[in-house]
Every structure is written in C-alpha cells, then in structure tokens.
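Q: mind folding the following:
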Amino acid sequence: MAQPLSVSNKEIWQITYPIIFGNLAQTLIVLVNTIFLGHVGKVELGAAMMAGLYYLVFTTILQGFTIGIQILVARRLGEGELKRIGPIFEHGLFFSLFLGAVMLALMHFGTRGILGGIVHSPNIYTAALQFIDFRQWGILFVSMNFMFRSLYIGLSNTKIITYTTVAMAVVNIFFDYSLIFGHFGFPEMGVAGAGLSSVIAEATACIVFFLHTFLKLPYKKYSLFSFQAFEWPLLGNVLRISLPTMFQRFISFGSWFLFFAMIEHLGEEPMAISGIVRSIFMLSTLSAFAYGACANTVSSRLIGAGLINEVAPTLRQILKISLLTLLPILFLLVIFPKQVASLYTDDIAMAARSVPALYVVYLSSILIAISMVYFEFVSGTGNTHIALYIETGALVFYIIYVYLATEVFHLAIHWVWTADWIYTSLRFLGSIIFLKFYPWKTQKHFSK
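A: Below you'll find the model as predicted:
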C-alpha cells in the first residue's frame, strides 16, 4: 500500500485557490477592458489588446525575477530557516523596484518607436499609444505586487491573494465603466480610460498587500522589514536562479506579442477576434497556471525537507486536481461559445466568426493544464536554466509555425491559434524528459 503523501489534496487546494484568484486579478483587468472596449469599437478592442500585450512583456520580466524569490522562500520554509526569509524578500523588493523603474523608462521613451515599427494600422497604433501612456505607470505597483505574491506563495499562505483580487476587480470595474464611457462625473476617455483604471486597480492591490503584511502576518518571525546589512552574495544567489526565468518569461511573452503582431497584419477584424479569444483563453487557463505555481513551490519545499521521493507522486496528484478543476469550466464554455463571444461585441457576425478559434483554445487549455505542472516543477528544482532551454526550443517551432500561417499561407484565424498546441506539447515533452533522466534528485540545496 502506498504511503500517504506529506502534501494532502486539501493543502494543494488551499495553496492553489487563492493563486487562482490572484491570477484572476490580471485576467479580470483584461476581461473587463476587453468587454467594455469591444462595445466601443474594433479599433479600440484591438489597440487595447496590442498595447496590453506590449505592457505584459515588460511585467513578465519582473514576474520572472520574483519566481526566484518564491523558490528560495519555499526552500527556506522547507528547511526551517525562517529568519532567512525576510532578507530574501527585502533584497528582492529593492531589486524589483529598481527593475520596475528601468522598465518604466524603457516604455516611456521607447514605445512610440517600437509600436510604430510593428503595428501596420494607423488607427490601432494611435489608440494603443493612448492606452500605454497611462498603463505604463502601473509597472511600479506591479513590481511590488509580484514580490508580495511570491512571498505568500512561497510561504504557502495565499489567502491574502484572494483579498487583493477582490479589491482589484471592484476598483477596476468601477473606474473602467466611469473613465471609458464618462459616467459619474468622470471624463469620457475611451481606450485611455481603460489604461488609467488598470493603474488605479494595481495601486489598490499594493496598498492591501502592505496593510495585510503589517497587520496580519507575523513578519518578525521571518525577520521581515528588519533591513539588515545588504548581502551581495544573497542577491547574487537570487539572480542566479531568477535570470534564466526572467529571460524565459521575456521570450515567452515576447513571442506571444509577436504572435498578435503578425495577426494584426491580417487586418483589424482578425485582430479584434483575437482580442476576444485571448480574453477567454486567459480565463480558461488561469487555474492551470495556478496549479503550476503550486507545483513549483511544493516541489521546492519537498526538496528542501529532503522528501525527494514524494515529488513525482505529488505532481501527479496536483495534475489530477488541476484537470478536475478545469473541465467543468470548459464544459460550460463549449456549450455556449457564441453567447460568450457576444459579451465582447455588438457585432453578432464577428462573434460567430470567433467560435472556431474558441474551440481551438479550449483544447489548448487542456494541454496547458497538463504541461504547466511539470514545466513549473523544473523551475522548482532550481534548474531554471533547463526551463529556459525547454522554453526556447518550443518557441522556435512556435514562431516558425505562426510566421508560415500568417505571412506565407494567410490561414484563417482559428488555424493560426493551433500554434499553441505545438508549443505546449513541446514544453510538456521537455519537462518529462527532465523528470525522468536529469539527476535533479542528487543536486545540492541552494546556498543560504
């Protein structure tokens, strides 16, 4: 009879469901922006999606850095080295803010040149600039929000992520409605209002994180905010783990940005349809990404506690729960695809033309749920450079496929979206090869 695992189904769920809500925060911002702007016009919908993805490329670099913080926090928790958690967080917070300031400067001075060289439609280009002129300022709040998320996920104490998500959702919906359409005495800003409302929502989440940490978390137990002497070796250790993940996230989301840039070359309607599909795709995959984060932190914690042999069966258990969470959601989306698409636009014909692409991404969601658990486990072992190699290999085939589909053969939009099937399958294959054949079980723990 198999021995019971140290990480129970209940604990997996307790770690993951607040992360789902945390992922829902950014997804809701995209969802609400897309729904409201879809009723303004195709240009505004396509522009917000393009500018939002451009912004996401920058923020994902920050997220890649904080994944390293999450891995180290989970490892110290597993080892019982609680007093080392505070210094890890503090060093990460300072560097994350510095990195956020650099990203803000790059967006502020470089956006017009970058988008001008990529976007063909002058209407989409102009509207995208209106959006990003406000949206760019949110990156400073995002840098702190990602740090707090990594701290709490690493500690397996994730309920606060639920609170920040609710706060972000409420604030974003109110200001989106007010600023896009000019209600409640606010100016009618259109696509620019969507960018500003997103910044206000992110600032709100940051305030909630700070208040909860000081009022509810036993931060002295972890030596948080003690601000001891700066440790260059510690920052070097964080960067050694984080840099491959930062680059991996950059090329991953950068490739996604190129994916939509090539779709934009097909015309404004394919771009608008992809805006609808992207929003629903993010909604259907948010649980998969949350279970991936759970696999990352749980595997790191088990390795830190010396429970190496429990890692593989725990991953299988996380995968099973992930699929059980996803399938009911997909079932509802499959039954009512046209009705779901109609939420985003008054153009009934365009909503109908979105349906084939929606069916494609529903299958992609299942593939992502399977691959994310094992791909995030690779990073959880500390071998973030291997995760980078797997990601890079998958993206080479992904970009080639998208280029051929859009620029050479000019395929229908739903065939372009099948590129995700190739990308996700290759990531899964690489992760399984790592699990089976790489000597991750015998590697030494991270330095303190």
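Q: residue 293 - how many residues pack around it?
A: 26 (other C-beta atoms under 10 Å). Every C-beta, even on glycine, is put in place using the N, C-alpha and C of the backbone.
Q: host element of it?
A: helix 268-304 (DSSP states H and E).
Q: can you give me the mean pLDDT across the helix or strand just after that helix?
A: Counting by DSSP H and E, the next helix or strand C-terminal to helix 268-304 is helix 311-335. Average pLDDT, helix 311-335: 92.
Q: for the next helix or strand after helix 311-335, packing partners?
A: Sequence-wise, the next helix or strand downstream of helix 311-335 (DSSP H and E) is helix 337-342. Other elements packing on helix 337-342 under the criterion 3 or more C-beta pairs under 8 Å, 6 or more residues apart in numbering; DSSP states H and E are helix 268-304, helix 348-380.
Q: 10 Å instead, please
A: On a contact count with 3 or more C-beta pairs under 10 Å, 6 or more residues apart in numbering; DSSP states H and E, helix 337-342 meets helix 268-304, helix 311-335, helix 348-380.
Q: most packed of these?
A: Most buried of those by mean neighbour count (mean count of other C-beta atoms under 10 Å) is helix 268-304; its value is a mean of 25.
Q: what's the angle between it and helix 348-380?
A: 20 degrees (axes from the mean of the first three to the mean of the last three C-alpha atoms, to 10 degrees).
Q: so helix 268-304 versus helix 311-335, what angle?
A: Going by the same axes, to 10 degrees, helix 268-304 makes 160 degrees with helix 311-335.
Q: tell me the gap between helix 268-304 and the middle of its chain.
A: 6 Å (C-alpha atoms, centre = their mean, to the nearest Å).
Q: next one: stretch 267-275 to chain centre, how far?
A: That offset, for stretch 267-275, works out to 22 Å (C-alpha atoms, centre = their mean).
Q: rewinding a little: in a markdown table, list the helices and strands packed on helix 337-342 along with distance to residue 442.
A: A markdown table is the format used below for the helices and strands packed on helix 337-342 (distance: least, C-beta to C-beta, whole Å):
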| stretch | distance to residue 442 |
| --- | --- |
| helix 268-304 | 11 |
| helix 311-335 | 13 |
| helix 348-380 | 16 |
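Q: mean pLDDT lowest for which of these?
A: helix 268-304 (a mean of 86).
Q: and the one helix or strand in the chain whose mean pLDDT sits lowest, what does it pack against?
A: Ranked by mean pLDDT, DSSP states H and E, the weakest helix or strand in the chain is helix 9-38, scoring a mean of 76. Judged by 3+ C-beta pairs under 10 Å, 6+ apart, helix 9-38 is in contact with helix 42-79, helix 122-135, helix 139-154, helix 159-181, helix 191-215, helix 268-304, helix 311-335.
Q: got CSV for those helices, with distance to residue 353 too?
A: Shown next, in CSV, are those (distance: least, C-beta to C-beta, whole Å):
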stretch, distance to residue 353
helix 42-79, 12
helix 122-135, 19
helix 139-154, 34
helix 159-181, 25
helix 191-215, 23
helix 268-304, 6
helix 311-335, 17
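Q: now the helix or strand where residue 263 lies: how far from the chain's centre is it?
A: Using DSSP H and E, residue 263 falls within helix 232-264. Mean-position distance between helix 232-264 and its chain equals 12 Å (C-alpha atoms, centre = their mean).
Q: with stretch 205-218 instead?
A: 22 Å.
Q: check stretch 68-81 too.
A: 21 Å.
Q: cool, and stretch 325-340?
A: Using C-alpha atoms, centre = their mean, the offset of stretch 325-340 from its chain centre is 21 Å.
Q: same question for stretch 61-72.
A: Here the centre of stretch 61-72 is set off from its chain's centre by 12 Å, with C-alpha atoms, centre = their mean.
Q: kindly report the same for stretch 308-323.
A: 22 Å.
Q: send me that stretch as PDB with only the CA atoms.
A: Coordinates of the C-alpha atoms in stretch 308-323 are reproduced here as PDB (Å, rounded to 0.1, in the frame of the first residue of the first chain):
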ATOM      1  CA  ILE A 308      12.700  13.700  -2.800                       C
ATOM      2  CA  ASN A 309      10.700  10.600  -3.400                       C
ATOM      3  CA  GLU A 310       7.400  12.300  -2.800                       C
ATOM      4  CA  VAL A 311       7.900  14.900  -5.600                       C
ATOM      5  CA  ALA A 312       6.700  12.800  -8.600                       C
ATOM      6  CA  PRO A 313       3.600  11.400  -7.000                       C
ATOM      7  CA  THR A 314       2.700  14.800  -5.600                       C
ATOM      8  CA  LEU A 315       3.000  16.200  -9.200                       C
ATOM      9  CA  ARG A 316       0.600  13.600 -10.500                       C
ATOM     10  CA  GLN A 317      -1.900  14.500  -7.700                       C
ATOM     11  CA  ILE A 318      -1.600  18.200  -8.500                       C
ATOM     12  CA  LEU A 319      -2.200  17.400 -12.200                       C
ATOM     13  CA  LYS A 320      -5.300  15.300 -11.400                       C
ATOM     14  CA  ILE A 321      -6.800  18.100  -9.300                       C
ATOM     15  CA  SER A 322      -5.900  20.700 -12.000                       C
ATOM     16  CA  LEU A 323      -7.900  18.800 -14.600                       C
END
